[in-house]
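J.: no sequence on this one, just coordinates:
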């Protein structure tokens, strides 16, 4: 029921998806890590099974080489708030194109007041792109709905963030909430205003 990092050679056995993710700075991820511990103590299935990143889009295939600059520019120009701070909101579920024997899986975590804009291209560099909405910073994989009685989500903002491509898979026979992931090279966003 825990997430683990894994190498490329380990991904051939199960269903893998590629996600464009927003990666908060390490300080923000550490604050979210504490909340994951509280979720685990509260008995939430799937706590710790998703890294503290925000899935923005599903990529139809792997980019060749580094993450291209256009997604980073689009996010900075259209999605970063005017004061440059990414703010956390109430917890929400973001649908992922992953099915288990028990049904579809969702990324669960604090909502993020940002998203890829509606006019974000459905393809860049020949790669099909499908937006994920709402935007949440992952703390768990859930089947939904959100259970009652969970500890409140942390309430803070952060400025430093990067974009990356993340590979995520549910290994065969591993259960609904056991995931493997690998996060590629980071493309740090330019500093926002404020």
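T.: Everything's here; your move. What you see is a predicted model, and the numbers here were worked out from it, not measured in a lab.

J.: what sits up against stretch 22-29?
T.: Residues from elsewhere that reach stretch 22-29 (Cβ atoms under 8 Å, 6 or more residues apart in numbering): 32, 52-54, 56, 75, 86, 112, 114, 135, 137, 156, 158-164, 183, 186. Quick note: C-beta positions are derived from backbone N, CA and C, even for glycine.

J.: under the pLDDT cut-off, which ranges of this protein? List them.
T.: 1-14, 64-80, 100, 115-116, 173-177, 191-194 (pLDDT under 70).

J.: what's the next secondary structure element after the helix of greatest length in the chain?
T.: Secondary structure of the chain per DSSP state H: the longest helix is helix 26-41. Using DSSP states H and E, the helix or strand that follows helix 26-41 in sequence is strand 54-59.

J.: let me see the ranges of the helices in the protein.
T.: Under DSSP H, the chain gives helices at 26-41, 69-74.

J.: figure out which of those helices is closest to residue 168.
T.: helix 26-41 (16.6 Å; Cβ to Cβ).

J.: buried stuff in the closest one?
T.: Going by neighbour count (16 or more other Cβ atoms under 10 Å), the buried part of helix 26-41 is 28-29, 32, 35-36, 38-40.

J.: angle of the lengthiest strand in the chain against strand 54-59?
T.: Secondary structure of the chain read by DSSP state E shows that its longest strand is strand 86-100. Going by axes from the mean of the first three to the mean of the last three Cα atoms, to 10 degrees, strand 86-100 is angled at 50 degrees with respect to strand 54-59.

J.: and strand 86-100, what's buried?
T.: Buried-residue list, strand 86-100, by 16+ other Cβ under 10 Å: 86, 88, 91-94, 96, 98.

J.: for it, which strands pair with it and how are they oriented?
T.: Sheet pairing here is set by DSSP bridges, and for strand 86-100 it gives strand 103-112 (antiparallel), strand 157-158 (antiparallel).

J.: which residues touch residue 61?
T.: 18, 127-128.
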